[in-house]
Every structure is written in C-alpha cells, then in structure tokens.
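Engineer: I'll drop the sequence and a predicted model, then ask my questions.
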Amino acid sequence: MATHAGGLTLEKTAVEVRGLVRKYGERAVLDGVDLAIQPGEFVALLGKSGSGKSTLLRALAGLDYDVDGSGELAVPANVSVVFQDSRLLPWARVLDNVALGLRAADERGRESLAEVGLAGREQAWPNELSGGEQQRVALARSLVREPVLLLADEPFGALDALTRLKMHVLLRKLCAAHQPAVLLVTHDVDESIVLADRVIVLDEGRIVAEEPIDLAEPRSPADPGFTAVRSILLDALGVSL
Amino acid sequence: MTQLATLPGVRAERDQTAVATPVRRRRRLGPGKPIRFGAAIGPVLLLGVWSIGSATGWLDPRVLSAPWTVVTTTGDLIADGRLQSNLLTSAQRAFVGLGLGIALGTVLALLSGLSRFGEAVLDGPIQIKRAIPSLALLPLLILWLGIGESMKITTITLGVFVPIYIHTHNGLRTIDSRYVELAETVGLSRWEFIRRVVLPGALPGFLLGLRFAVTGAWLALVVVEQINSTSGIGYMMELARTYGQTDIIIVGLVLYGVLGLLFDGAVRLIQRKALSWRRTLAD
C-alpha cells in the first residue's frame, strides 16, 4: 500500500516528496522521485505518455490507494484537483457543482463563477455548456475551496487550440489572485512554458530535467528566450528537431 | 495513368450535380421529425377495423361485441355503480401492492448496491426469485395467506419489487467511478456522497424499473382478481365470462388498458421532470 505523509512535514514548502516509488506489478511507474514545491509556485510536469506524470499527480491527490509503492510525501490538507474531463455531475446545476460538498457556499460559488466569467449561468445544466465552459466551472469548483495546492491533470487536453489559449490567460489570472501552489501535468511544451515558474521533465519514472522559466511578461513564443527553453525541454523529452 | 486522365472529368460532373440539387438540411440517420398525434394513429386504425367488422356483420357479437355496444354497456355499468366500485377495489390493490413493492425494491437495492456484504446476502436470493415467475408462487401464497386481500397484495408486491430492485441496483453499480473519485477529492462525507452522487445517479435506473413495475402490478392484479374474487375488474370480467357477455369483458380490458396507459404516462411524466438534465436522441 502507498504510504502518505510519512516522516515528512511541511514547514516552508507546499509539497514535499522524497524517494517516491509506485509500481504496477513489476513495473516501476515512479522510480524514486524527489520534489518540493514552494507556496504559490507554479510547477509544470512534462512527460511523454507513460512517463508516470499522472501517477505522480494521483499520488499527491491521494487517489492511488490500490497501488504498491514506497517513499514519503507530504501534502497540505487543502488540495483541489482539476481533471482532464470537467467531471461535473450532470444531474446537478452549475452552481451546485461548484459548491459540491461545501456548506452554505452559494454566495462564494456565485463569486467563483463570476471569476471564471460564468456569472448568470448558475442554474444551467452542465450539458448545456461548451467544453471550455465546463472546464471553467471545474476551475471554479477547485478555487472556491481556496486550495493551498492545486493539482491539474492535463486540464486543457480536451479543448480546442483557441479555447486553450484563453484558458491559459484565465488560469494565470486566477493563480495570481488565489496564490495556490500548482502542479500542472501536461504534454504540451509551449503550455508549460507559458504557464509555469518551473518546468520538470519526467521520463520513465525519474525526473530528468528541471528548468526555471524566467521570461518577460507576456510570454510569447516569438521571444528568443522562449525558443531556447523550448529546445532544452524538447531535448529532455527525447525529441530532436 | 488512365485514372489520372479521367479524374478531372469526374470531378467536373460531380460539381455540376452539386450545383443542380438544392441543399437539403435534414438529419440523415436520426428518426426524423415527430409526426403530429403519431401515437394515436395505430389505435384509431384498429378501432376503425373493429367498427367496420361489427357493422358489416363480419364480427359475430358473441365473439366480439361492437364498439357501440361496449360504450352503452359502460354507461349501464356506471349507472348501476358496478364499474366504480370494482374499479376502486382494483385501483386500491394495485396502489398498495405497487407502493409496498417500490419501497421494498428500493430498500433492497440500496442495501445491496452500497455494501458488498448486503450484495452477498441479498442479490443471490433475489436473482433466484427473479427466475421464478411471480405467478408460479400463487399456490404457495394461497396455502399460506388464504384467498383474501393479503394474498392478492403480496402477489402484486412480489411482482413489483423485482424490476425496481434489478434496475435500481444496476443504476447504482454503473455510476461512473470518475464521480466517486471526484467525491473523494472534494471530501464528501458518506451521506453527502449518497445524496449528491449515488441517488441521483441511480434515478434513471429506478425510473426505468418503475415503468416495468407498473406493468407488472397490473399483470399480477388481473391474475389474482380472477381467483376466487368477489370484487374488482377481474372478478367482473370472470363473471361476464360465465354468462358469455363479451361486451363486459371488453369494458374490463379497456379499463385495464386505460389504467395501464395512465400509470405509464404518469411515470414518464415523472421521468421527464426528474431527468430534465438528460439530453437524448429522441429530444
């Protein structure tokens, strides 16, 4: 069984992971991962499919109860997760989805929906919204809980390119306002450079590269610095151009 | 080479036809637009054939009474109060049996759907019960409960709870595991999880079961009312059989049909209200 919050404690960091191993059968999907995320820091986790990035996120979210493994990890009590699918309950109206599990949170839910630009859609059914709008509701549902740590598993993977660009702007704005520590799993190199303070590359269960992103705002793919970071990251991913 | 040479010609021809045919906008694979009063067409046709058959003497009244005889007989039965009192008795039996069956089926489905222990204990016997037609239990039920109301209502209840159980249980078990994961990440308590995720998720299954249950209730009612009854629509029809009154038998059949349709319509109305979040092909 996976161990949680072993001997580690969180003093100045939002996440501490040490020597994390997760195995499916004989295959180690995570093979000794060390990671620390500072409060308010935005970390993007890049990797090919099968590199173990989702497994790491699920370990941090506490969703890997049936997985073998060892190592230590410490996460704050207040963690929110955004999945690739919006995962809204289809039988609950938008506002009830946002306030799911919270007591007397209608007013906060409304404010949160207004923050993601969906004021006035409180009483809509999730099916009536577009894919991008559904994902914005999912963001509102996460942020209304004021998480110390926000875990996002390819949250924009199912969206079209234009919607994705708008969501990047929105996510940056929301993170600036709420200041959670963020771990964003993605396979989109440009997305990771646009959004993150630091990009980590995972390959075969190990961290193979780590790159702080220190670019002028707004970050543009036309920036030479952007191109340089991109080629470093692509290199770490084993993609040669 | 020849292909390359002919291709431009083919393309030109296609373009011409594309210009010539007006653009038609319709769904090619859907069932098409609904027909107005479509549901009434079949029954009205049937009624027409029946009327013509009776008017021309092609249908012997001893085999099947004419529609207008059935109407006048209905009037007579209402006038002397037999129809109302028998209908009331039948409706009471159906409602009580249905209510008990729904409650029993729902409780058992929840017990078996929400805990592995409940499933281990309950699911097997209920599946065995399902394999035995409810009406095959009648001899035993008559020995145990006699031929009174309790036997009749028990029979109906046993016929009703099975479809409710099967469909509700199935609805519970097929709730997407992604929602369970979501419930865990937002920290729902067990009770909140049941109220917010499990019950609404199982509702479509429950309502489907309810539609089968309503039909099952009427089926069981017909049978129990023809065994040593002294009241009810089934009794009225059984009595008519001994006197060869096909008109009264048909009044009974029409009544069963109308009641069945009303119940089914009510359940569908509930379905539409309760599942308004769903969009299906038929909408």
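Structural biologist: Thanks, I have the structure now. These figures come from a predicted structure and were not determined experimentally.
Engineer: Would you mind listing the residues in contact with residue B:240?
Structural biologist: Going by CB atoms under 8 Å, 6 or more residues apart in numbering or on different chains, residue B:240 touches B:246-249, B:252. C-beta: built from backbone N, CA, C; applies to glycine.
Engineer: Next, give phi and psi for it.
Structural biologist: Torsion angles at residue B:240 (phi, psi; degrees, to the nearest 10) stand at phi -60, psi -30.
Engineer: And it, how close does it get to chain A?
Structural biologist: According to CB to the nearest CB, to the nearest Å, residue B:240 and chain A sit 48 Å apart.
Engineer: Run the chain-centre distance for stretch B:155-170.
Structural biologist: In terms of CA atoms, centre = their mean, to the nearest Å, the centre of stretch B:155-170 is set 13 Å apart from its chain centre.
Engineer: tell me the pLDDT at residue A:1?
Structural biologist: Residue A:1 is assigned 37 on the pLDDT scale.
Engineer: which among the contacts of residue B:240 gets closest to residue B:174?
Structural biologist: residue B:252 (39.9 Å; CB to CB).
Engineer: ok, the residue nearest to that closest one when sequence neighbours are not counted - how many residues close by?
Structural biologist: In space, and not counting its chain neighbours, residue B:252 is closest to residue B:237: 3.8 Å by CB to CB, 6 or more residues apart in numbering or on different chains. Residues lying near residue B:237 (other CB atoms under 10 Å in any protein chain shown) number 22.
Engineer: re the thing from before, any chance of the contacts of residue B:240 in JSON lines, plus neighbour count, distance to residue A:133 and secondary structure?
Structural biologist: Putting the contacts of residue B:240 into JSON lines (neighbours: other CB atoms under 10 Å in any protein chain shown; distance: CB to CB, whole Å; DSSP: H, G, I helix; E, B strand; the rest coil) gives the following:
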{"residue": "B:246", "neighbour count": "20", "distance to residue A:133": "62", "secondary structure": "helix"}
{"residue": "B:247", "neighbour count": "22", "distance to residue A:133": "62", "secondary structure": "helix"}
{"residue": "B:248", "neighbour count": "23", "distance to residue A:133": "61", "secondary structure": "helix"}
{"residue": "B:249", "neighbour count": "20", "distance to residue A:133": "59", "secondary structure": "helix"}
{"residue": "B:252", "neighbour count": "27", "distance to residue A:133": "55", "secondary structure": "helix"}
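Engineer: how about the residues of chain B that lie near chain A?
Structural biologist: B:178-179, B:181-188, B:192, B:196-197, B:200-201, B:203, B:275-279 (CB under 8 Å from any CB of the partner chain).
Engineer: now these: which count as buried?
Structural biologist: B:179, B:181-183, B:185-186, B:188, B:192, B:196-197, B:200-201, B:203, B:275 (16 or more other CB atoms under 10 Å in any protein chain shown).
Engineer: Compile these into CSV and extend it with columns for pLDDT.
Structural biologist: CSV is the format used below for those (pLDDT from 0 to 100):
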residue, pLDDT
B:179, 93
B:181, 91
B:182, 94
B:183, 93
B:185, 91
B:186, 91
B:188, 91
B:192, 92
B:196, 92
B:197, 93
B:200, 92
B:201, 91
B:203, 92
B:275, 85
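Engineer: Out of those residues, which sit inside helices?
Structural biologist: The members of these that map onto helices under DSSP state H are B:179, B:181-183, B:185, B:192, B:200-201, B:203.
Engineer: Now for these: which two are most distant?
Structural biologist: The span of these, defined through CB to CB, is set by B:185 and B:203 at 23.3 Å.
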